[in-house]
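A.B. asks: Return a 3D structure for these sequence lines:
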Amino acid sequence: MELTLAIRIFEVLLGWSLCLQTLEYLRVAALDRITLWPTLRKEIPAHPAWMKAALDKIFKPGVYTAMLALRLLLAIALMLGHLGLVGAMLLFLMALLLLLRWRGAFNGGSDFMTLVAITGLLLAQLAGSLVDAPWGWRAGFWYITLQTVSSYFVSGWVKLLRPEWRSGKALTLFLDSGVYGPLPAKSLLRHPQIAFLCSWSFTLWEGFFPLALLDVRLALIWCAVAALFHFLVFWFFGLNRFFWAWLSTFPAVIYCAGNTW
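C.D. replies: Below is the predicted model:
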């Protein structure tokens with residue numbers, strides 16, 4: 001994949017992911033009063049006092065909404081290919097503030113993968129301003145790639161150490177907690193051999209994800225399976241953020257697999 005094409009796809013996917021996340025942040029306040037800052041701030045350490053006072057000002061309803069509106073505009077600018085260094089710095093700062101706002105993460109690993117993508121974007125802009133744009137984007141893409149590949153690698157080998165994953169039982173237990181309720185009694189995924197096969201397939205695919213960097217064709221296969229995997233996670237558990245957060249990193253993985261530093 002050419003660098004220019006990889007950059008455009010990355011910008012569109014990350015921008016779209018940020019748009020969806022931001023709209024979700026704007027919507028959630030009307031759905032759940034527990035998510036209001038006066039409740040969440042109780043878990044923020046009292047010291048240093050200046051930080052908590054600053055967060056109180058930033059997360060006032062009006063200021064918080066304005067910050068999200070700015071984030072939405074920056075995400076759209078990113079999709080259009082018009083986001084520079086200042087915009088990347090603002091996205092990075094707001095990502096850190098949102099992690100504080102939600103006591104670490106609003107939606108688990110997808111928030112941290114979003115931070116990885118934004119950090120790669122910021123790195124690309126910073127390095128590009130100091131050296132040149134292509135070198136900067138290569139640096140940003142390699143940062144994103146190493147983080148993405150390691151996330152799958154660790155997940156796969158942790159599963160391999162767990163007997164419930166090796167037997168396939170964990171897969172059925174997880175799917176029973178899906179948003180649509182337990183699996184039907186006659187579901188194929190309740191069959192021990194099918195659950196065993198699916199569990200080992202995904203475990204080995206995750207554990208051997210570093211092989212994707214050997215060749216761009218392998219990267220395309222691994223990323224295609226990843227897209228399917230995250231779509232199934234969205235389908236069964238409603239975790240739409242996971243699908244778009246990880247999908248936005250795939251252009252970097254595919255580019256790095258086909259190009260040396």
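A.B. asks: Could you tell me how far residue 113 is located from residue 230?
C.D. replies: From residue 113 across to residue 230, the span is 10 Å (CB to CB, to the nearest Å). All C-beta atoms are positioned from the backbone trio N, CA, C, and that covers glycine.
A.B. asks: quick one, which of the two is more surrounded?
C.D. replies: residue 113 (23 against 20; other CB atoms under 10 Å).
A.B. asks: host element of that one?
C.D. replies: helix 109-130 (DSSP states H and E).
A.B. asks: Could you pull out the buried residues of that helix?
C.D. replies: Neighbour counts over helix 109-130 (16 or more other CB atoms under 10 Å) mark 109-128 as buried.
A.B. asks: intersection of neighbour lists for residue 113 and residue 230?
C.D. replies: Shared contacts of residue 113 and residue 230, defined by CB atoms under 8 Å, 6 or more residues apart in numbering, comprise 242, 246.
A.B. asks: What is the biggest helix by length in the chain packed up against?
C.D. replies: Looking across the chain with DSSP state H, the single longest helix is helix 133-161. In terms of contacts (3 or more CB pairs under 8 Å, 6 or more residues apart in numbering; DSSP states H and E), helix 133-161 is packed against helix 3-28, helix 109-130, helix 163-167, helix 192-207, helix 250-258.
A.B. asks: now do 10 Å
C.D. replies: Helices and strands touching helix 133-161, by 3 or more CB pairs under 10 Å, 6 or more residues apart in numbering; DSSP states H and E, are helix 3-28, helix 109-130, helix 163-167, helix 192-207, helix 216-237, helix 240-247, helix 250-258.
A.B. asks: what angle sits between it and helix 250-258?
C.D. replies: Relative orientation of helix 133-161 and helix 250-258, computed by axes from the mean of the first three to the mean of the last three CA atoms, to 10 degrees: 100 degrees.
A.B. asks: how far off helix 216-237 does helix 133-161 point, in degrees?
C.D. replies: 60 degrees.
A.B. asks: List the buried residues of helix 133-161.
C.D. replies: Quick answer for helix 133-161 (16+ other CB under 10 Å): 136-149, 151-152, 155-156, 159.
A.B. asks: quick one: average pLDDT of that helix?
C.D. replies: Helix 133-161 carries an average pLDDT of 93.
A.B. asks: what's the model's confidence in stretch 198-212, averaged?
C.D. replies: 91.
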